[in-house]
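Visitor: Generate a structure from the sequence data that follows.
(2 chains)
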Amino acid sequence: GAVVSQHPSRVICKSGTSVKIECRSLDFQATTMFWYRQFPKQSLMLMATSNEGSKATYEQGVEKDKFLINHASLTLSTLTVTSAHPEDSSFYICSARDSEGHSTGELFFGEGSRLTVL
Amino acid sequence: GQNIDQPTEMTATEGAIVQINCTYQTSGFNGLFWYQQHAGEAPTFLSYNVLDGLEEKGRFSSFLSRSKGYSYLLLKELQMKDSASYLCAVYSHDYKLSFGAGTTVTVRA
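Guide: Sure, this is the predicted structure:
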C-alpha cells in the first residue's frame, strides 16, 4: 500500500517553545492531508484538513494560530505547534488520500508523533 | 455532526470469534472503514465497505447495512496478536473521516 512518513516520531520540548512535525506521502501525490490528535485511550480527533496551495480548514475548537499548517507541495504537509504547553502533549497523526484515485479512497496514516511538553 | 458508537472493550479466547458492532449517524455517507491500532502505533487499514453486505478478507470480515446505519467487524480464529483497538470510521459527505472511540479487544490464552 501507499506510504506516509511522519517525522519526528517522538519529541520532548519545554513549555513555550514551538515544534514542527512533517508529514510526507512517499509514493503518491496528496492534494489533501489530514491532521489528527489522539489523547491516551481516546480515539482520533480530526484537527484540520491541509490543502495543497491553500489555507487549511480547521475543525471547531482547534486554534489555527496555535496549530499552524502548511501544505506547500503535493507530498508534504507540516504542523507546527506554537508556544506549546503541557496540555498539548499528545499523539499527533497525519494521513493522506491518494489524489489520483489509485485506491479505494482509504486514508494512509503516518507513524505518528508523540509530543511531550515539559 | 457525526455520531459513531462502538463498545469500549471486548474479551475473547484465543481461537474464538469476536464481533465488534458499530452504529453511526452521519451527515451523508461515502463509506465505512475499520482500522486496527496497537498501543502507541498509528492505525492500519483493515476493511472498507460502501455497499451493503459482507466483505471477507481472510480471518477478518466486515458487514454493512446502510439503511440501519450499522456495521460489524468479525474476527475469526483469534490470535494473541489480534489484541488491539479496533476503530470504526465513517466518510461523511465532505469526505472527512470521523472515528468512533474504538473497541479494545483483549485475547486471552
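Visitor: so where's the chain uncertain?
Guide: Picked chain A for this. Scanning chain A for pLDDT under 70 picks out the ranges A:1-2, A:99-106.
Visitor: think we crossed wires, I meant chain B
Guide: For chain B (pLDDT under 70), the answer is B:1, B:95.
Visitor: Enumerate the residues of it near chain A.
Guide: Within chain B, the positions lying close to chain A (Cβ under 8 Å from any Cβ of the partner chain) are B:30-31, B:33, B:40-45, B:48, B:87, B:91, B:95-102. Where C-beta positions appear, they are placed from N, C-alpha and C, glycine not excepted.
Visitor: Give me the buried subset of those residues.
Guide: Buried residues within the residues of chain B next to chain A, counting neighbours by 16 or more other Cβ atoms under 10 Å in any protein chain shown: B:31, B:33, B:42-43, B:45, B:48, B:87, B:91, B:96-102.
Visitor: What about the residues you listed, which are in strands?
Guide: Under the assignment DSSP state E, these contribute B:F33, B:F45, B:Y48, B:L87, B:Y91, B:L97, B:S98, B:F99 to strands.
Visitor: quick one, what contacts the first one?
Guide: Under the criterion of Cβ atoms under 8 Å, 6 or more residues apart in numbering or on different chains, the neighbours of B:F33 are A:E106, A:L107, B:F45, B:L46, B:S47, B:Y48, B:C88, B:A89, B:V90, B:Y91, B:L97.
Visitor: the strands in chain A, which residues?
Guide: A:4-7, A:10-13, A:19-25, A:32-38, A:45-51, A:57-58, A:67-73, A:76-81, A:90-96, A:108-109, A:113-117.
Visitor: Distance to B:F60 and mean neighbour count added to these, as CSV?
Guide: Converted to CSV, the strands of chain A look like this (distance: least, Cβ to Cβ, whole Å; neighbours: other Cβ atoms under 10 Å in any protein chain shown):
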stretch, distance to B:F60, mean neighbour count
strand A:4-7, 22, 19
strand A:10-13, 30, 13
strand A:19-25, 26, 21
strand A:32-38, 23, 24
strand A:45-51, 25, 20
strand A:57-58, 33, 17
strand A:67-73, 33, 17
strand A:76-81, 30, 22
strand A:90-96, 21, 24
strand A:108-109, 18, 24
strand A:113-117, 28, 19
